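*Asks:* please work out how this folds:
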Amino acid sequence: MKLFKSLIALLAVIGIGFLVYNFVYKAEELRKDRVAKERHLIRFELDNIKNFVLARPDSSIHFERSIGRIWNITKPIKSEASGEELHDLFRKLNDSEILITVDEKPKNLKVYGLEDTDYYMAMNYDIGDPDTLFLGNETPDGSMTYVKFATEKRVLTVERSLTAKMKWPARTYRSRTVLNILEEDVKSVEIIRGDDERIVMENHGYTWIMTYPWNLNGDDKNMKELVKQLSDTAKTTLVEENTENLSQYGLDEPSLIFNVSLKFGMPDKMILVGKKLEKLGSKHLWYAKQFDNNLIFSLDNTLITSLTYKPEWYIDKNPMKFSKEGMNKIVLETGTNSIMFVRDAQRLWSVVSPIDKNIKIETINKIFGCSRHILIHGLFAYEPTEADIKEAGLDKLRIKITAYYNDTVLDQIIFGDTFTKEEPNTYFRTSKSPIIYITKSPITSDINKILEAVFGDT
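*Replies:* Purely as a prediction, here's the structure:
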């Protein structure tokens, strides 16, 4: 019986708790949520704004949303908008609260500066009716601004920092960078220099590939540096807002064109570079403009220098990709000698042919440096002819290094003639590609030191 009474009491407590939660606590939470929403100035999704106008007495600014994160200014000039400044404005609008509801049904808007006001923000949405936020006078203490929506009668106050930002001039909202892009959005870069020089770099995943003038792996480090420059480089000076005479800036026949393709369906961006001008001593500037915008501006020489590097700068400098740890046999052929190096179970190297001799790791590292760490400094022939092969000295065996794992060939590098151009340059190619490259590594002296280590004391 006592147990039954205890159970009844427990159920009663649970029932009371349920009623308190639903009719007191939950009701209070809903009330707080409703009050918070009522205090919120404006509620919208960033992607729902199609276009808007920041009106002012001198020259209103018209904004229009493009694809992705890009916004354009369409009036008073045609230019891309600064994503940083514009998104900051949106954040302030979205986060702003109504500080005071001054007047629910105002009879005289003039006292608040809201009758025929010169400043307002008119918004059009993809979904929903358009609305306008009118800006009035500052409150007597100067900390707030009177505002009113076109769809409401109420006069409200918001922080003055919000309305001050809405009154900034058009130049504040113009994009300060050349392309107004984010690094991670870049999909490909095309560089056109003159009538017959063209470089195309593409990144469809995790690495860069050159697709023109050759099909080769890109240099990820250099491409990351270039894309960062494309993203960060600022317009040095605004030269002219609009002109039909492009020839005075060399933009009717550009000296350089670079086209950047972006992810997520965003439109390509093309920059035309015209004449070079020199200012401030040794600082070089170039006239430039975006293909589909009117602004003429100047660019610093830093980005232009990167865009005028020879094609080899953009490709991977190391054509050999096998791991040192995965290699346990090396054969070095020099025309007169064929030397086999083998690594044992204790990971120690020795010569097993034509003599039997232990070898210091420094010698193996030198061989490894001549193969695994060979660096490309030039491309002599992409599809070499017999004449190219002969000119490079690769028509006969001079130096060949073959790397093995057991009996499996990992890769092979063949060196041709060496020529001097400020410093020794050597032609070479690998077994996995017909391309003839040029390296500045001191191959001949390194091979002589290896031969001396093998035969020197025998």
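*Asks:* helices of the protein, residue ranges please.
*Replies:* 2-20, 26-39, 83-95, 160-166, 170-173, 220-232, 301-307, 361-371, 386-391, 443-455 (DSSP state H).
*Asks:* give me the below-cutoff pLDDT ranges for the stretch 151-300 of the chain.
*Replies:* 278-283 (pLDDT under 70).
*Asks:* now do the strands in the stretch 101-250 of the chain.
*Replies:* Taking DSSP state E, counting those that start in this stretch as the criterion, the stretch 101-250 of the chain contains strands spanning 119-125, 131-138, 144-149, 155-159, 186-193, 197-202, 209-212, 216-217, 237-240.
*Asks:* the stretch 351-458 of the chain too?
*Replies:* Counting by DSSP E, counting those that start in this stretch, the strands of the stretch 351-458 of the chain are 357-358, 378-381, 399-405, 408-421, 423-430, 436-439.
*Asks:* so what strands line up beside the second one?
*Replies:* Read that as strand 378-381. The strands beside strand 378-381 in its sheet (DSSP bridges) come out as strand 436-439 (antiparallel).
*Asks:* and what of the fourth one?
*Replies:* Each strand paired with strand 408-421, and its direction, by DSSP bridges: strand 399-405 (antiparallel), strand 423-430 (antiparallel).
*Asks:* in this structure residue 327 contacts residue 410, no?
*Replies:* Yes: applying C-beta atoms under 8 Å, one finds residue 327 in contact with residue 410, separated by 6.1 Å. Any C-beta I mention is one placed from the backbone N, CA and C, and that applies to glycine too.
*Asks:* mutual contacts of the two, please.
*Replies:* Common neighbours of residue 327 and residue 410, using C-beta atoms under 8 Å, 6 or more residues apart in numbering, are 403-404.
*Asks:* beta-bridge partners for the closest residue to residue 112 other than its chain neighbours, please?
*Replies:* Closest residue to residue 112 apart from its sequence neighbours, by C-beta to C-beta, 6 or more residues apart in numbering: residue 146 at 4.1 Å. On the basis of DSSP bridges, residue 146 is bridged to residue 157.
*Asks:* let me see the contact set for residue 146.
*Replies:* Neighbours of residue 146 in contact, by C-beta under 8 Å, 6+ apart: 102, 112-114, 135-139, 155-157.
*Asks:* any idea which of these is closest to residue 252?
*Replies:* Of all the contacts of residue 146, residue 252 sits closest to residue 135, with 43.5 Å by C-beta to C-beta.
*Asks:* quick one: residue 134 and residue 115, what's the gap?
*Replies:* Distance from residue 134 to residue 115, counting by C-beta to C-beta, to the nearest Å: 9 Å.
*Asks:* domains of the chain?
*Replies:* 46-173, 183-314, 329-455 (automatic domain parsing).
*Asks:* would you turn those into TSV with distance to residue 320?
*Replies:* Shown next, in TSV, are these (distance: least, C-beta to C-beta, whole Å):
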stretch	distance to residue 320
domain 46-173	40
domain 183-314	12
domain 329-455	5
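*Asks:* hang on, the earlier thing: so which of the strands of the stretch 351-458 of the chain is the most packed in?
*Replies:* Among those, strand 436-439 has the highest mean neighbour count (mean count of other C-beta atoms under 10 Å), at a mean of 22.
*Asks:* so how far is that strand from its chain's centroid?
*Replies:* How far strand 436-439 lies from its chain's middle: 30 Å, per C-alpha atoms, centre = their mean, to the nearest Å.
*Asks:* for that strand, give the mean pLDDT please.
*Replies:* Averaged across strand 436-439, pLDDT comes to 94.
*Asks:* please export the C-alpha coordinates of it as CSV.
*Replies:* What follows is strand 436-439, C-alpha atoms only, in CSV (Å, rounded to 0.1, in the frame of the first residue of the first chain):
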residue,chain,number,x,y,z
ILE,A,436,65.2,16.7,-72.4
TYR,A,437,65.8,19.0,-69.5
ILE,A,438,68.7,21.2,-68.3
THR,A,439,70.1,21.2,-64.8
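*Asks:* what's that strand in contact with?
*Replies:* By C-beta under 8 Å, 6+ apart, strand 436-439 touches 319, 374-381, 384, 388-389, 392, 394, 416, 425-429.
*Asks:* cool, and stretch 398-406?
*Replies:* Around stretch 398-406, the neighbours that count as contacts under C-beta under 8 Å, 6+ apart are 322, 326-335, 367, 370-372, 409-417, 431, 443, 447.
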